[in-house]
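Student: here is a sequence together with a model predicted from it:
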Amino acid sequence: MSEHIAVRNPNEISKLRKAGEVSARILMDLMPIIKPGITTKDIDNYAAELFKREKCGNAFLGYAGYPGQLCISVNEEIVHGIGGPRVLQDGDIVSLDAGAIVDGWYGDNAMTVPVGNVSDDAKRLLAVTEEALFRGIAEARQGNPLSEVCGAIEDFVKPFGFGIVREYVGHGVGRHLHEDPQIPNYRPSYHLPRLKRGMILAIEPMITLGSFRVKVLDDDWTAVTTDGSWAAHFEHTVAVGSRGGEILTERPRIALPEQLGITL
């Protein structure tokens, strides 16, 4: 793995924060329409209106040919789902992943949203995945090996018996959507660099109720679990700091156990 990881100065981080704020706002503004009966294309269409309102660039539309405004992944779909005719049903979960470009800087974030009344298993999956993200962010501090970010996610998730997707990982972000380093959601056997203050990381655990194994559908984008188990995905763009990661895509948490009425 390359260790040529950009270190951003305070002025650059301020610009990244603006992009992150827009990315987070787009996700939160989608929340009110996530209800049973809406199609994933309806979500995509509304996202187009939000990008237009924000007067920002879209990090995903057209990226390597991706046709959607944002990634919309339902139930067994892990990441990269494309808006279409699928109708959300009561009890579904839907992952929304949005990226904005502001003045040439990228912000990237994702969350998984319950649709109506979801099962306790689904609630637990969401709560564990979002908490795992914050466990990783806490380790994004100067001098820490990047492997501690990865390991914190794995160490939290593993006792629940959930699958940790290995085929897709977090990444650096800045002037491009995907930069060094790659950030697995498990402690890898290979060497990872030590973190420096000002490095920018998009940390994004993708966790399943069953197998971690993945296959890609015929649209060449949508990644689903091979066993049909449901998946959750949470992501923040963070700046490495002296005491932990500073979240640049700040938004309210939505899957706290007490908010979902469950215990972990």
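Tutor: In hand now; what should we look at? Numbers count the residues shown, from 1 in each chain.
Student: what lies in contact with the host helix or strand of residue 47?
Tutor: Taking DSSP states H and E as the criterion, residue 47 maps to helix 40-54. Here helix 40-54 makes contact (Cβ atoms under 8 Å, 6 or more residues apart in numbering) with 22, 25-26, 29-30, 33-34, 58, 68-70, 72, 74, 81-86, 88, 94, 96, 98, 100. Using the backbone N, CA and C atoms, a C-beta is placed for each residue, glycine as well.
Student: quick one, which of these are buried?
Tutor: The neighbour-count test (16 or more other Cβ atoms under 10 Å) marks 22, 25-26, 29-30, 34, 58, 68-70, 72, 74, 81-83, 86, 88, 94, 96, 98, 100 as buried among the contacts of helix 40-54.
Student: narrow those residues to those in strands?
Tutor: Among these, DSSP state E puts 58, 72, 74, 94, 96, 98, 100 in strands.
Student: tell me where the stretch 101-250 of the chain has helices.
Tutor: Under the criterion DSSP state H, counting those that start in this stretch, the stretch 101-250 of the chain contains helices at 120-138, 146-157.
Student: and stretch 169-177, how far out from the chain middle?
Tutor: Averaging C-alpha positions (Cα atoms, centre = their mean, to the nearest Å) puts stretch 169-177 12 Å from its chain's average.
Student: for residue 16, what are phi and psi?
Tutor: As for residue 16, its main-chain torsions (degrees, to the nearest 10) stand at phi -60, psi -40.
Student: check contacts around it.
Tutor: By Cβ under 8 Å, 6+ apart, the contact list for residue 16 reads 8, 105-107, 173-174, 200, 237, 239, 248.
Student: residue 198 too?
Tutor: Residue 198 is in contact with 7-9, 13, 239-240, counting by Cβ under 8 Å, 6+ apart.
Student: below-threshold pLDDT in the stretch 1-150 of the chain: ranges please.
Tutor: Low-confidence segments of the stretch 1-150 of the chain (pLDDT under 70): 1-3.
Student: hmm, try it at 50
Tutor: Residue ranges of the stretch 1-150 of the chain with pLDDT under 50: 1-2.
Student: rewinding a little: any chance of TSV for the ones in strands among the buried ones among the contacts of helix 40-54, columns distance to residue 39?
Tutor: Listed next are those as TSV, based on distance: Cβ to Cβ, whole Å:
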residue	distance to residue 39
58	20
72	10
74	10
94	11
96	14
98	18
100	23
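Student: just to revisit the earlier point, nearest to residue 155 among the contacts of residue 198?
Tutor: Using Cβ to Cβ, residue 240 comes nearest to residue 155 of those, at 19.7 Å.
Student: give me the neighbour count for the closest one.
Tutor: Number of residues near residue 240 (other Cβ atoms under 10 Å) recorded here: 26.
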